[in-house]
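Student: Here is a sequence together with a model predicted from it:
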Amino acid sequence: MNLKNYLLLLLLCCVGWPTQAQPKTPADFGYRHLRMRYQRDTVNILVLSKKGEELKRKPVFFYAQGSTPRPVVLYDEKGAYRLFPINMDSLLARYHLVVVSKPGMPLLGDLRTLGPGGFAGDLKTGLLPAKYCQHNYLEYYVRRNNAVLRYLTRQPWVQADDITAMGHSEGSAIVARMARHPHHLRRVIYLSGSPLGRILTQVSGARLESDSVGTDYLFKRWQQVVAAPMGIDCHGDSNRLISSLSTHSNALADLLHSRLPIFVGYGTRDPAALQNDYLRLEAMRHRKSTISFHAYLEVEHNFFGFTNGQLDYEKGQWDRVARDFLAWMK
């Protein structure tokens with residue numbers, strides 16, 4: 001072997017052969033990754049803290065995710081997206097942010113490889129992971145989240161007497177039920193919820209769009225749910241999920257029975273806006289002064305506005321919503 005080839009071989013031995021980029025981890029985006037056991041499964045918990053204050057004892061802000069079956073942290077070539085579109089600095093200055101992954105879902109997801117909205121199912125068949133299908137319903141999330149809160153109260157960096165739970169969309173129904181039996185909660189933030197149930201919101205939305213075909217389909221779909229309320233389906237929403245989010249034991253009853261301070265926020269262009277107005281009327285009738293209502297004019301379910309009748313993502317009010325609930329939390 002000549003000297004040139006020997007030196008080349010020595011260099012490759014020292015630096016290694018070219019390798020693919022290492023998989024991303026929660027730490028790459030500033031999250032701590034905790035694990036706990038629940039019903040023989042591993043529950044993955046992500047914690048986001050102000051840099052340098054990861055172990056400082058602070059209150060906890062627990063976020064219950066919405067309905068999309070997707071990873072907790074979505075990212076692309078520019079970095080990670082926020083869990084919800086607000087300036088996190090004011091939140092992290094006072095709280096540790098905690099979020100739990102959905103069962104069977106990965107913690108991280110590259111948006112360039114996922115389906116619309118970060119969908120993490122099989123892109124060819126549309127099938128979702130079996131563990132997700134089995135556990136994706138209201139009562140499971142409530143029980144699991146309560147177990148997570150119990151675990152958090154034992155951590156030295158958690159101010160156990162000051163835990164807030166916030167849920168948006170489907171997550172609002174979860175925190176409403178948690179508020180009814182608040183084992184470890186101090187307050188709840190209920191955003192863009194459907195106090196009288198998901199199926200009514202979907203029917204209302206179809207009616208507002210004058211979509212008679214869609215309305216008829218929803219009534220038929222509900223008939224299927226009523227006939228088999230415990231049915232599991234790995235293609236989209238299962239009967240069990242729809243039933244758990246739409247039955248008579250709904251968020252309105254949960255919120256009215258809760259003794260916790262509750263912040264209710266919703267857009268007036270949300271199909272569920274009238275349900276939230278009705279909740280407000282019922283709160284008055286029950287003299288529930290612990291519920292604070294905030295209606296955001298001319299914005300839809302995700303607090304975005306409109307221009308010439310079209311959804312305009314430049315007209316979002318998430319920062320205003322965050323300012324309101326942070327001020328209320330004080």
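Tutor: Here it is on my side, so go on.
Student: could you show me where the helices are in the stretch 101-250 of the chain, in order?
Tutor: Taking DSSP state H, counting those that start in this stretch to define them, one finds helices in the stretch 101-250 of the chain at 130-135, 138-153, 170-180, 198-208, 212-227, 239-246.
Student: Below-threshold pLDDT in the stretch 201-330 of the chain: ranges please.
Tutor: For the stretch 201-330 of the chain, the stretches with pLDDT under 70 are 248-249.
Student: quick one, strands of it?
Tutor: When assigned using DSSP state E, counting those that start in this stretch, the strands of the stretch 201-330 of the chain occupy the ranges 262-267, 291-296, 304-307, 310-316.
Student: OK, contacts around the spatially closest residue to residue 51 that is not a sequence neighbour?
Tutor: The spatially closest residue to residue 51, leaving aside those adjacent along the chain, is residue 30, at 7.3 Å (CB to CB, 6 or more residues apart in numbering). The C-beta positions use only the backbone N, C-alpha and C, and glycine is treated the same way. Contacts for residue 30 (CB atoms under 8 Å, 6 or more residues apart in numbering) come out as 48, 51, 80.
Student: PyMOL command to pick out the buried ones of the residues you listed?
Tutor: Remark: buried members of the contacts of residue 30, expressed as a PyMOL selection using 16 or more other CB atoms under 10 Å:
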select buried, resi 48+80
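Student: Out of the contacts of residue 30, which comes closest to residue 91?
Tutor: Using CB to CB, residue 48 is the member of these that sits closest to residue 91, with 9.0 Å.
Student: So what's the predicted local confidence for residue 165?
Tutor: Looking at residue 165, its pLDDT is 98.
Student: from what I can see it touches residue 175, true?
Tutor: Yes: when contacts are counted by CB atoms under 8 Å, residue 165 is listed as touching residue 175 (4.4 Å).
Student: Who has more neighbours out of the two?
Tutor: Between residue 165 and residue 175, residue 175 has the larger neighbour count (other CB atoms under 10 Å), namely 32 against 27.
Student: Can you get me a residue count around the closest residue to the more buried one other than its chain neighbours?
Tutor: By the measure of CB to CB, 6+ apart, the closest residue to residue 175 outside its immediate chain neighbours is residue 167, 3.7 Å from it. Other residues lying near residue 167 total 28 when counted by other CB under 10 Å.
Student: and the most centrally placed residue in the chain, what is it in contact with?
Tutor: In the chain, the centroid-proximal residue (CA atoms, centre = their mean) is residue 65; its distance is 1.0 Å. Counting by CB under 8 Å, 6+ apart, residue 65 touches 72, 99, 100, 102, 170, 171.
Student: In the residues you listed, find the pair that's most separated.
Tutor: 72 and 170, at 14.8 Å, using CB to CB across these.
Student: picking up where we left off before, let's have the strands of the stretch 201-330 of the chain in a markdown table, adding mean neighbour count and distance to residue 89.
Tutor: Converted to a markdown table, these look like this (neighbours: other CB atoms under 10 Å; distance: least, CB to CB, whole Å):
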| stretch | mean neighbour count | distance to residue 89 |
| --- | --- | --- |
| strand 262-267 | 25 | 20 |
| strand 291-296 | 17 | 22 |
| strand 304-307 | 14 | 22 |
| strand 310-316 | 11 | 18 |
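Student: Can you convert the ones you listed into TSV and add a column each for distance to residue 193?
Tutor: Output for the strands of the stretch 201-330 of the chain, formatted as TSV (distance: least, CB to CB, whole Å):
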stretch	distance to residue 193
strand 262-267	7
strand 291-296	12
strand 304-307	17
strand 310-316	19
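Student: So which of the ones you listed is nearest residue 140?
Tutor: Proximity to residue 140 (CB to CB) singles out strand 262-267 among the strands of the stretch 201-330 of the chain, at 22.5 Å.
Student: Phi, psi for the nearest residue to residue 80 once chain neighbours are set aside please.
Tutor: Once flanking residues are discounted, residue 80 sits nearest to residue 29: 4.2 Å by CB to CB, 6+ apart. When read as degrees, to the nearest 10, the backbone of residue 29 gives phi -110, psi 20.
Student: got a list of contacts for stretch 239-255?
Tutor: Residues from elsewhere that reach stretch 239-255 (CB under 8 Å, 6+ apart): 136-139, 170, 172-173, 176-177, 179-180, 190, 193-200, 221-222, 224-226, 228-233, 262, 264, 275, 278-279, 282-283, 291.
Student: Residue 199 contacts residue 218, correct?
Tutor: Yes: assessed by CB under 8 Å, residue 199 is found in contact with residue 218 at 6.7 Å.
Student: Tell me, how many residues neighbour the closest residue in space to residue 133 that isn't next to it in sequence?
Tutor: Of all residues not flanking residue 133 in the chain, residue 234 sits nearest, at 4.3 Å (CB to CB, 6+ apart). The number of residues packed near residue 234 is 18, by other CB under 10 Å.
Student: List the contacts of residue 234.
Tutor: Counting by CB under 8 Å, 6+ apart, residue 234 has contacts 127, 128, 129, 130, 132, 133.
Student: make it 6 Å
Tutor: Residues near residue 234 by CB atoms under 6 Å, 6 or more residues apart in numbering: 127, 128, 133.
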